[in-house]
Each structure stands twice: as C-alpha cells, then as structure tokens.
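Peer 1: coords please:
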Amino acid sequence: MIKDIDKKQNRISFTYKELLGSWEDNIKDFKQGTVVKGIARDIEKSKNGIFIELKPNLVGLAEYKENVEYGQDVNVYIKKIIPEKKKVKLLIFDK
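Peer 2: Residues are numbered from 1 along each chain as shown. Here you go, the predicted model:
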C-alpha cells in the first residue's frame, strides 16, 4: 500500500501494516475466556510479561513464564480484552 508520495525528493513510501487490518478488525476473531494459539514475540526486560502475537497485527501481553522463548508457539487464555486501550491480557496455558 502506498503510504506517501514525495514528488520533491522523488520518493514513494510503502507500508503493509494497514493491509493486515486494524486492531478493531483483528480483535473480532477473539473472545474473552477462550484459549487460542499465539507466538512468543518479546519478553519484557524486567520479566514482567511476554508479548504474544495472536495475529500479524495483534499482540497481547501474557504473564511471564519460565522456559518460553522467542518464536515459540504457545497456547494462551484470553483473560481480558480492553478495547478502549487496545490491550489484550493473556495467560500462557500449559499444553
């Protein structure tokens, strides 16, 4: 998708993020109180939580759990969806 055209510098900026859908569009596929699959994407430096990718443009925060590594597939329980803050609180579920 074309994001910007700068004719003075002969530059075109592209983006793909908008093609992945908005937070509101993506969250419609998920319901509070369900277990879904995700991918561990980042661990907070203070080990307070792990960011889990639910969809390419939708990430939630799970409580920290030992032995979870970047890129690992995990099952997560959706504890809470907070639309006004665009947040999803998760709990990593043992397989």
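Peer 1: which parts of this protein are strands?
Peer 2: Secondary structure of the chain (DSSP state E): strands located at 2-6, 11-14, 35-43, 49-55, 58-63, 73-82, 87-93.
Peer 1: strand partners (parallel or antiparallel) of the longest one?
Peer 2: Each strand pairing with strand 73-82, determined using DSSP bridges, is listed with its direction: strand 35-43 (antiparallel), strand 87-93 (antiparallel).
Peer 1: quick one: which of the ones you listed is nearest G71?
Peer 2: Distance to G71, taken as C-beta to C-beta, is lowest for strand 35-43 among those, at 6.5 Å. C-beta coordinates here come from the backbone N, C-alpha and C atoms, glycine included.
Peer 1: contacts for that closest one?
Peer 2: By C-beta atoms under 8 Å, 6 or more residues apart in numbering, the list of residues contacting strand 35-43 from outside reads 30, 49-54, 59-60, 64, 68-78, 90, 93.
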